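> next come a sequence and a model predicted from it.
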Amino acid sequence: MCGIVGYIGTKKASTILINGLMRLEYRGYDSAGICTIENDNLKVMKDKGRVKNLYNLDGINSLTGTIGIAHTRWATHGKPSKENSHPHLDNSNNFAVVHNGIIENYNELRNFLIEKGYNFKSETDTEVIPNLIHYYYTKDTNNSNNKVLQAVSNACKDLKGSFAIEVISKYIPNNMIVCRKDSPLVIGKGDNENYISSDIPAILSFTNKFYLLNDNELVLLSTNNVTFYDSDLNVINKELQNIEWNATAAEKNGFDDFMLKEIYEQPNAIRETIGSRLPKNSLCDFDDLSFSKDFLSRFNKLYIVACGTAMHAGLVARNIFEKICCIPTEVDIASEFRYKNPLIDDKTLCIYISQSGETADTIAALKLAKQKGSTTLAISNVIGSSITREADYSIYTHAGPEIAVASTKAYTSQVVLLAILAIYFAEKLEKTDSETLIKLKNDILELPSKVDETLKCADYIKEYAKTIYTEKDIFFLGRGIDYTTALEASLKLKEISYIHSEAYAAGELKHGPIALIENGITVIGILTDENLVEKSVSNIQEVITRGAKTLIISNQHLTTNNFDKVISVPYTNPLLSPIIAIVPLQLLSYYISKEKGLDVDKPRNLAKSVTVE
Ligand code: G6P
């Protein structure tokens, strides 16, 4: 998730661009850059590091151009470095491009362009775009005014994946071209000037009049004009919209809190995590891994290690690895693992999960595994984070920056990535029939729309939260995979509502905790596993008998009707059901916290990244 800004008008562009980037830094902040048109030439200034570092670049103050594009990066392809920073130029230095999104077929396009004589300076997927534009520009013999527009349109048709791009060119020094597909982009209209941005807040201080772009639309901008085209370059009309947000609230895109925004970002975060890893009609593909059957056959045990929510993602994954890869899988809390002399050796593959990639206990646990000769694989959301530098292998969730302390979209993306990893292993190891794996892949591909569907319960949950926010204790019950959801739901509630809560394997309740059940207590049951639903229902009857009020989250047809509230969620493969079932429970914690008037995004005593032991 990178941030992009553009300006075309009569003022000095560089100042406006850097100002806009600062407001977009929440989208990524490992490198930044701008390109302006100076005396009809392109001038790029960029470097690794935060946006404010741009002010220190030699010559930045001498930029006087009034047209420019800018980018703040959250690395996906290629580490944070000057070379990988945007803007990127084509080989002839005639086209400059900034890009947000992921070009899934960049390898294929890169090879095509290399064959045509192009060379590449960065490791990014983005660099294919300016070169592809150049390729189509020179191929087009028709010397029309719209030659660059045609070249951009042709290039976009070749791109698979998601993109929002801005293009400036020496050939059209008074124009800019922008387009988008599955990545956000808006145009702000001023007087004799136009602004472009990944989102409204970054340019809200300049204008409140916006054009919102749809997928596959192209725009040709000049100081006074904005012309919209469909993908075949037919001119289309677009209404200008007045946006009445105040700038601070708008940074959250209209959401009250980052946590709520991130809960709603989950369908897209999952989409980004899947990326090009689940190609139709072929085997799972990890750009960053190339494990052979022989290599994977060496391992007689998987050990998943993490902290907090990331550890809960590991618990879900254990079920998937054991089921489809038939490898015994242990899950441990990093702070326990590191001091217990774990039984691991060179036949163990240790998987470390960390959203931030900076959690001290997880890093220490990884170092221990290396000392013991195990192979280590890191799963992180942050490119180049410490854990990924330590591990033998790393893969990324691509969920975009997570700002709220309580993890939501990182969790669901971690589970999705682990499920894809398990399929990748199972395909290599040939432990499960291909029909089952194809079915599981299709179930993963359907998750974004099912999470979207699940989010529709928000209003109901909001009302329900008003009835229980004063509770002192809340219980979560589930069996099997639903127990893992109970654990994560209970953690979420504790973190942001400060209500004491317990998660129990439903069958274990009678061995002690049932003594705590008294009249009026709230018990939340998660029932998604068709093989265990009847067993769990019986356990929930035991608490109802003792006076508990119940909320049930289920994707099953329930024949019992004495539950107080039931939230039906879309059915999915039982191995994946935690990804759906957790969504109403994230919302419940959120709305309870709001009812209590707490700071949802920054709960007391907690930190987003725990870099101390
Ligand atoms: C902190 C955060 C949790 C997070 C845990 C692990 O405790 O508050 O939300 O799950 O760290 O963080 P990591 O970045 O390693 O996933």
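Looks like it arrived, so ask away.
> when you work out contacts or count neighbours from here on, use the C-alpha atoms and nothing else.
OK.
> which pLDDT value belongs to the closest residue to P448 other than its chain neighbours?
Spatial nearest neighbour of P448, chain neighbours left out: P267 (4.1 Å); criterion: Cα to Cα, 6 or more residues apart in numbering. Looking at P267, its pLDDT stands at 95.
> could you identify the longest helix within the protein?
Using DSSP state H to define each element, the chain has its longest helix at helix 409-429.
> hmm, it in reach of the ligand?
No: Helix 409-429 stays clear of the ligand (Cα under 6 Å from any ligand atom), getting no nearer than 7.9 Å.
> for V178, give its distance to the ligand.
35 Å (Cα to the nearest ligand atom, to the nearest Å).
> over to T528?
In this view, T528 and the ligand are 24 Å apart by Cα to the nearest ligand atom.
> surely that residue touches P574?
Yes: applying Cα atoms under 8 Å, one finds T528 in contact with P574, separated by 6.8 Å.
> count of neighbours near E542?
Neighbours of E542 under the rule other Cα atoms under 10 Å: 16.
> distance of it from Y483?
17 Å (Cα to Cα, to the nearest Å).
> what does K280 give?
Counting by Cα to Cα - K280 and Y483 are separated by 32 Å.
> between the two, which one's more packed in?
Between K280 and Y483, counted using other Cα under 10 Å, the more crowded position is Y483 (23 against 11).
> quick one: contacts for the closest residue to the more buried one other than its chain neighbours?
Ranked by Cα to Cα, 6+ apart and with sequence neighbours excluded, the top spatial neighbour of Y483 is A505, at 5.5 Å. By Cα atoms under 8 Å, 6 or more residues apart in numbering, the contact set of A505 is L477, G478, R479, G480, Y483.
> adding secondary structure, pLDDT and distance to A310, write those out as CSV.
Formatted as CSV, the contacts of A505 follow (DSSP: H, G, I helix; E, B strand; the rest coil; pLDDT from 0 to 100; distance: Cα to Cα, whole Å):
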residue, secondary structure, pLDDT, distance to A310
L477, strand, 96, 20
G478, strand, 96, 19
R479, coil, 95, 20
G480, coil, 94, 18
Y483, helix, 97, 15
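> what does the stretch 351-500 of the chain put close to the ligand?
S354, Q355, S356, G357, T359, V405, A406, S407.
> packing partners of the longest helix of the chain?
helix 266-274, helix 293-297, helix 308-325, helix 434-445, helix 577-595 (3 or more Cα pairs under 8 Å, 6 or more residues apart in numbering; DSSP states H and E).
> tell me which parts of the stretch 201-350 of the chain are close to the ligand?
Checking the stretch 201-350 of the chain against the ligand by Cα under 6 Å from any ligand atom, the hits are C307, G308, T309, A310.
> the last one contacts Q355, correct?
Looking back up the chat, that one is A310. Yes: the pair A310 / Q355 is scored as a contact, 7.1 Å apart, by Cα under 8 Å.
> ok, the contacts of A505 vs N555, which is closest?
G478 (13.3 Å; Cα to Cα).
> what number of residues lie near that closest one?
Count around G478 with other Cα under 10 Å applied: 30.
> could you do D599 as well?
D599 has 13 neighbouring residues, counting by other Cα under 10 Å.
> do the one 4 residues further on as well
For P603, the neighbour count with other Cα under 10 Å is 19.
> check C457 too.
Neighbours around C457, by other Cα under 10 Å: 16.
> can you tell me how far the nearest residue to it once chain neighbours are set aside is from Q414?
Distance criterion Cα to Cα, 6+ apart; nearest residue to C457, sequence neighbours excluded, is P584 at 6.9 Å. As judged by Cα to Cα, P584 and Q414 stand 18 Å apart.
> over to I304?
Remark: distance between I304 and Q414 (Cα to Cα) = 12 Å.
> repeat for L493
20 Å.
> which residues touch the residue nearest to P448?
L447, P448, S449, V451, D452.
> for it, give its distance to V451.
P267 sits 6 Å away from V451, going by Cα to Cα.
> shared neighbours, these two?
Counting by Cα under 8 Å, 6+ apart, nothing touches both P267 and V451.
> show residues contacting stretch 473-491.
So stretch 473-491 is contacted by 309, 312, 315-316, 319, 499-507, 521-529, 532, 536, 574-575, 577-578, 581-582, 585-586, 589 (Cα under 8 Å, 6+ apart).
> buried members of these into ChimeraX, please.
Selection of buried members from these for ChimeraX, criterion 16 or more other Cα atoms under 10 Å:
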select :309,312,315,316,319,499,501,502,503,504,505,506,521,522,523,524,525,526,527,528,529,536,574,575,577,578,581,582,585,586,589
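> only the buried residues of stretch 11-28, if you could.
By 16+ other Cα under 10 Å, the buried positions in stretch 11-28 come out as 12-14, 16-18, 20-28.
> next: stretch 580-597.
580-596.
> what do you get for stretch 339-357?
Buried residues in stretch 339-357 (16+ other Cα under 10 Å): 344-357.
> and what of stretch 45-63?
Applying 16+ other Cα under 10 Å to stretch 45-63 flags M45, K46, D47, K48, G49, R50, V51, L54, I60, L63 as buried.
> over to that stretch now: how far is its first residue from its last?
End to end - Cα to Cα - stretch 45-63 spans 10 Å.
> neighbouring contacts of that stretch?
Taking Cα under 8 Å, 6+ apart as the rule, stretch 45-63 contacts 12, 14, 18, 21-22, 25, 29-36, 38, 72, 80-83, 85-87.
> same question for stretch 565-575.
316, 319-320, 440, 443, 447, 450, 453-454, 457, 481, 528-529, 550-556, 577, 580-581.
> please save the CA atoms from stretch 276-291 in CSV.
These are the backbone C-alpha positions of stretch 276-291, laid out as CSV (Å, rounded to 0.1, in the frame of the first residue of the first chain):
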residue,chain,number,x,y,z
SER,A,276,-0.8,-14.0,-7.8
ARG,A,277,-0.1,-16.9,-5.5
LEU,A,278,-3.1,-19.0,-6.5
PRO,A,279,-3.1,-19.1,-10.3
LYS,A,280,-6.1,-20.7,-11.9
ASN,A,281,-5.4,-24.1,-13.4
SER,A,282,-1.8,-24.4,-12.1
LEU,A,283,0.1,-25.0,-8.9
CYS,A,284,0.5,-22.5,-6.1
ASP,A,285,3.3,-20.0,-6.8
PHE,A,286,5.4,-18.1,-4.3
ASP,A,287,7.7,-15.6,-6.1
ASP,A,288,9.9,-15.6,-3.0
LEU,A,289,10.1,-19.4,-2.4
SER,A,290,11.2,-22.3,-4.6
PHE,A,291,11.0,-25.3,-2.3
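> what about R298, how many residues nearby?
Close neighbours of R298, defined as other Cα under 10 Å, add up to 12.
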